[in-house]
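J.: Have a look at this prediction, sequence included:
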Amino acid sequence: MSKSADILLVCGEPSGFVHLENIALELRNQTNNISISAMGYPSNHIDNLIVDIKDRASMGLTDILKNTRFYTKSLMKLKQYINSNKPKIAVLIDNFEFNALLLKCLFRNYCNIFYFIPPKVWSWGGFRSGILKRYCKRVYTIYPFEEKFLKKYGIDIRYVGNPFINKYLHIRESGNEKNANIIGLLPGSRRSEIIRHMPVLLRAVKIIRRRLSSIRFILGASSDIRGR
């Protein structure tokens, strides 16, 4: 029997973990001959949880700096795993400020690196496109315009759509919501985002309801946040 392939999945926030679990489940459906290690949350789909990110979801460089000790230790644990186990495949999910620190280590260990939800180089930090091209075997984006933009830099990129849309369509087609006018409220998955965004969203809800009382609002929240 051949040795199982080591696969590393890395995310840094609740919304990223939703994608991570979906990827892990799809990998399991493809083959049983794999061992999945991860930075994320405990899950039946993960064999080895290297780093548990509970209460540590990051939003860019600022939040990472606030939790320097945690992320430094996490980086050390991940690099130790990479150097010891030499995973065949790594899927890095969003959270570029942290994940970028793993790229060189993965590359030196001959790992095939795939990036899901790349940094927004079309917004700022165009130099990051060069990093993606150098280290990543393929990049997957949830934005259709991003595929065309990054292809100009010679990056092997695929547009895969946004997996969350399927959940929205399920709600839209179920029960009394089928013919309703629905507005989704998406404050984010990180606690810092929610604290900043929810007051603004709630004010917007009040304004809209005064003018359009028939509108239905659906709040999108990760299970990590709903449980608190």
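T.: Good, I have the coordinates.
J.: can you give me the helices in the chain?
T.: Using DSSP state H, the helices of the chain run over residues 14-30, 60-66, 68-85, 96-108, 128-135, 144-151, 164-172, 191-211, 223-226.
J.: Now stretch 112-126: average pLDDT?
T.: Regarding stretch 112-126, the rounded mean pLDDT is 88.
J.: Buried residues of that stretch, list them for me.
T.: Across stretch 112-126, burial judged by 16 or more other CB atoms under 10 Å covers Ile113, Phe114, Tyr115, Phe116, Ile117, Pro118, Pro119, Val121. The C-beta positions use only the backbone N, C-alpha and C, and glycine is treated the same way.
J.: Looking at those, spot the one nearest Ser4.
T.: If you rank the buried residues of stretch 112-126 by distance to Ser4 using CB to CB, Phe114 comes first, at 18.6 Å.
J.: Excluding sequence neighbours, find me the nearest residue to that closest one.
T.: Using CB to CB, 6 or more residues apart in numbering and skipping the chain neighbours, the partner closest in space to Phe114 is Val91 (4.9 Å).
J.: In JSON lines, list the buried residues of stretch 112-126 along with distance to Ile34.
T.: Formatted as JSON lines, the buried residues of stretch 112-126 follow (distance: CB to CB, whole Å):
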{"residue": "Ile113", "distance to Ile34": "17"}
{"residue": "Phe114", "distance to Ile34": "14"}
{"residue": "Tyr115", "distance to Ile34": "19"}
{"residue": "Phe116", "distance to Ile34": "17"}
{"residue": "Ile117", "distance to Ile34": "22"}
{"residue": "Pro118", "distance to Ile34": "24"}
{"residue": "Pro119", "distance to Ile34": "27"}
{"residue": "Val121", "distance to Ile34": "31"}
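J.: Return the distance of Leu102 relative to Ile208.
T.: As judged by CB to CB, to the nearest Å, Leu102 and Ile208 stand 43 Å apart.
J.: Of the two, which one has the most company?
T.: The neighbour comparison of Leu102 against Ile208 (other CB atoms under 10 Å) goes to Leu102, with 22 against 13.
J.: now that one: how far from Gly126?
T.: Counting by CB to CB - Leu102 and Gly126 are separated by 21 Å.
J.: And for Leu75?
T.: From Leu75 to Gly126 the distance is 25 Å (CB to CB).
J.: Go ahead and confirm Lys88 touches Asp6.
T.: Yes: between Lys88 and Asp6 there is a contact at 5.9 Å, judged by CB atoms under 8 Å.
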